[in-house]
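K.L.:
Dropping a prediction and its sequence here:
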Amino acid sequence: GALVYQYPRRTICKSGTSMRMECQAVGFQATSVAWYRQSPQKTFELIALSTVNSAIKYEQNFTQEKFPISHPNLSFSSMTVLNAYLEDRGLYLCGARDETGVTGQLYFGEGSKLTVL
Amino acid sequence: TQTVSQSDAHVTVFEGDSVELRCNYSYGGSIYLSWYIQHHGRGLQFLLKYYSGNPVVQGVNGFEAEFSKSDSSFHLRKASVHWSDSAVYFCAASMNQGGRALIFGTGTTVSVSP
């Protein structure tokens, strides 16, 4: 079956330090990968979307300088939270779509929870 | 602006009851709609989706949802809930002009009492 693995599941870091998280699609070719942050209030914010043959598109309020993303292929993506502060805490979810086109199903990992002290 | 709204923040039902979770969207074009469930401390699990065809779609674990273009809605229903259905439910939409990212509603927490 199609699965998305994310690791680490949880990280506690000191304010001002950085945290790298990884996302791997297993069992399918991910044509696009989206990173989201779920705040403690449970709402989802789209951070960035990367699509086959296109540059990574960051949403407003999120920048490459703060959340650099690397994706050597669309089955693997990593994102770093640089200089993490309290407002960066939350659950970071990776979603990968399994076919070209808007109707492809989005599979999510279990998320990487970031706690900032 | 394309939005997804879930009017109920919290719903409490008894085991065996039916439940309907409301989702409305605002977008004038073709839209892809889906529902996800999130159990406490976990990621998102896919329940069902709609893009075209029969407006009533069946999902996993007895869930179904009905698309209504006139109401701009995609409400989720289950005829008889189980205690394990206690979770947060998210409605999500992808507009065909917006790439392939999903926009999420704010979620509805369902609490099932024995």
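P.N.:
Yep, it's here.
K.L.:
Could you check how far B:G43 is from chain A?
P.N.:
Noted for B:G43: a distance of 4 Å to chain A, by Cβ to the nearest Cβ, to the nearest Å. Every residue, glycine included, has its C-beta placed from N, CA and C.
K.L.:
Distance check, that residue against B:Q6.
P.N.:
Applying Cβ to Cβ, to the nearest Å, the value for B:G43 to B:Q6 is 19 Å.
K.L.:
now swap in B:T12 and tell me
P.N.:
Distance from B:T12 to B:Q6, by Cβ to Cβ: 16 Å.
K.L.:
Look at the two and report which has more neighbours.
P.N.:
Taking other Cβ atoms under 10 Å in any protein chain shown, B:T12 and B:Q6 do not tie; B:Q6 has more neighbours (19 against 12).
K.L.:
Quick one, grab the pLDDT at the spatially most central residue of chain A.
P.N.:
Closest to where the C-alpha atoms of chain A average out (Cα atoms, centre = their mean) is A:W35, at 3.0 Å. For A:W35, the pLDDT comes out at 95.
K.L.:
How about it, nearest residue that isn't a chain neighbour?
P.N.:
With sequence-adjacent residues excluded and distances taken as Cβ to Cβ, 6 or more residues apart in numbering or on different chains, A:W35 is closest to A:I47, at 4.3 Å.
K.L.:
CA atoms of the lowest-mean-pLDDT helix or strand in chain A as PDB?
P.N.:
When each helix and strand of chain A is scored by mean pLDDT, DSSP states H and E, strand A:69-73 comes last, with a mean of 86. Listed next in PDB are the C-alpha coordinates belonging to strand A:69-73 (Å, rounded to 0.1, in the frame of the first residue of the first chain):
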ATOM      1  CA  ILE A  69      13.300  22.200   1.700                       C
ATOM      2  CA  SER A  70      15.300  19.600  -0.100                       C
ATOM      3  CA  HIS A  71      13.900  17.000  -2.400                       C
ATOM      4  CA  PRO A  72      16.400  14.900  -4.400                       C
ATOM      5  CA  ASN A  73      13.400  13.000  -5.800                       C
END
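K.L.:
Give the partner strands of that strand in its sheet and their orientations.
P.N.:
Each strand that pairs with strand A:69-73, with its direction, by DSSP bridges: strand A:76-81 (antiparallel).
K.L.:
what does the partner strand contact?
P.N.:
A:18-25, A:33, A:35, A:47-48, A:50, A:66-71, A:88, A:92, A:94, A:96, A:114 (Cβ atoms under 8 Å, 6 or more residues apart in numbering or on different chains).
K.L.:
Ok, stretch B:4-17 next?
P.N.:
Applying Cβ under 8 Å, 6+ apart, the contact partners of stretch B:4-17 are B:19, B:21-26, B:80-83, B:89-93, B:103-114.
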